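Student: I'd like to go over a predicted model; first the sequence, then the structure.
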Amino acid sequence: MMKKKIIVANWKMNYDLHETTFFLRNFLKYIKEKKICHNKEIIIAPSFPFLHISNQISQGTLLKIAAQNIFFKDKGSFTGEISASMLKSIGIDIVIIGHSERRKFFLEDENSLLKKLKIAIKHKIKVIFCIGETYEDRNKNNQYSIIEKQLNNTIFHCSPNEIKLIYIAYEPIWAIGTGVTATIDQITKMHYFIRNIFYEKYGNTISSKISILYGGSINHLNAKNIIYSNNVDGGLIGNSSLNLEQFVKIVQY
Ligand code: 13P
């Protein structure tokens, strides 16, 4: 059976309450009218304050709502942080972890990412885990060793059962928000590499089932080619997911 393609919109720090609800209502109206998306898993990750209302708006539809971050402790004196049980209490059971912007601006290291991963899984929250190399890494042809290291320090500390709750998002840092998309050749080679190390660590069933998404300057013009490439199970989309018309086109492919 063909795997469902997974399209994830990462809205980052964009859209206020009005913009969020306006987008979601119109998006849902559109996909209902056109009867599209039944062959896809569509996930949108708005900002924290709007997760609850977003989840209410999308109840009973095929749209799922995800958080963009989580903290690695269950509760306590951690000003400004959001716990797994808080997310669960408003019906959120998907989270993005390890995005390169969190690694860069909030200095999240692999040790804390592993803790975030583990606490999300403990609470049965599905994780979209981001990995990716810098421009310098790729220029030096180090991209494969960097990706392997990122996986070794985080995901590969998970048991086969835990892996079932994880999607991998390969997002080369040089392609994020730059308009420079990785080529299909670069994407398929890296996705093949990732799937293959899952095969070596966990065997055939897990490596064939694990979903590997690509992210980095996907738009309505290049989405179809990327999403339907070998070993690509979907896309993680930033800028283009903020444009209703473009995002509707992307989910229609
Ligand atoms: P862009 O689609 O804007 O390049 O962002 C990708 C991304 O970071 C998604 O998480």
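Tutor: Structure's in. What do you need? Keep in mind the model is a prediction, meaning the values are calculated, not measured.
Student: Going by proximity to the ligand, name the top residue of the stretch 151-253 of the chain.
Tutor: Closest residue of the stretch 151-253 of the chain to the ligand, CB to the nearest ligand atom: Gly238 (2.3 Å). Yep, even glycine has a C-beta here, placed from its N, CA and C like the rest.
Student: looking at it, that residue is touching Gly177, isn't it?
Tutor: Yes - in this structure, Gly238 is within contact of Gly177 by CB atoms under 8 Å, at 6.0 Å.
Student: Where do the helices of the stretch 51-200 of the chain begin and end?
Tutor: Applying DSSP state H, counting those that start in this stretch to the stretch 51-200 of the chain gives helices spanning 51-58, 84-89, 100-105, 110-122, 135-139, 143-153, 160-163, 184-202.
Student: Please write out the alpha-carbon positions of the longest one in PDB.
Tutor: In this case it means helix 184-202. Output of helix 184-202 as PDB, limited to C-alpha atoms (Å, rounded to 0.1, in the frame of the first residue of the first chain):
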ATOM      1  CA  ILE A 184      16.100  16.300  -6.400                       C
ATOM      2  CA  ASP A 185      19.400  14.500  -6.600                       C
ATOM      3  CA  GLN A 186      20.700  16.000  -3.300                       C
ATOM      4  CA  ILE A 187      17.300  15.200  -1.600                       C
ATOM      5  CA  THR A 188      16.900  11.600  -2.900                       C
ATOM      6  CA  LYS A 189      20.500  10.800  -2.000                       C
ATOM      7  CA  MET A 190      20.200  12.100   1.500                       C
ATOM      8  CA  HIS A 191      16.800  10.400   2.100                       C
ATOM      9  CA  TYR A 192      18.300   7.100   0.800                       C
ATOM     10  CA  PHE A 193      21.200   7.600   3.200                       C
ATOM     11  CA  ILE A 194      18.900   8.300   6.100                       C
ATOM     12  CA  ARG A 195      16.600   5.300   5.300                       C
ATOM     13  CA  ASN A 196      19.600   3.100   5.000                       C
ATOM     14  CA  ILE A 197      21.000   3.900   8.400                       C
ATOM     15  CA  PHE A 198      17.600   3.200   9.900                       C
ATOM     16  CA  TYR A 199      17.800  -0.100   8.100                       C
ATOM     17  CA  GLU A 200      21.200  -0.900   9.600                       C
ATOM     18  CA  LYS A 201      20.000   0.100  13.200                       C
ATOM     19  CA  TYR A 202      16.400  -1.100  13.200                       C
END
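Student: which secondary structure elements does that helix contact?
Tutor: With contacts taken as 3 or more CB pairs under 8 Å, 6 or more residues apart in numbering; DSSP states H and E, helix 184-202 sits against helix 143-153, helix 160-163, strand 166-170, helix 204-209, strand 211-215, helix 223-227.
Student: and the stretch 101-250 of the chain, which residues reach the ligand?
Tutor: Residues of the stretch 101-250 of the chain lying close to the ligand by CB under 6 Å from any ligand atom are 171, 176-177, 215-218, 236-240.
Student: run the last query once more with 8 Å
Tutor: The stretch 101-250 of the chain comes close to the ligand at residues 101, 130, 169, 171, 175-179, 215-219, 236-241, as judged by CB under 8 Å from any ligand atom.
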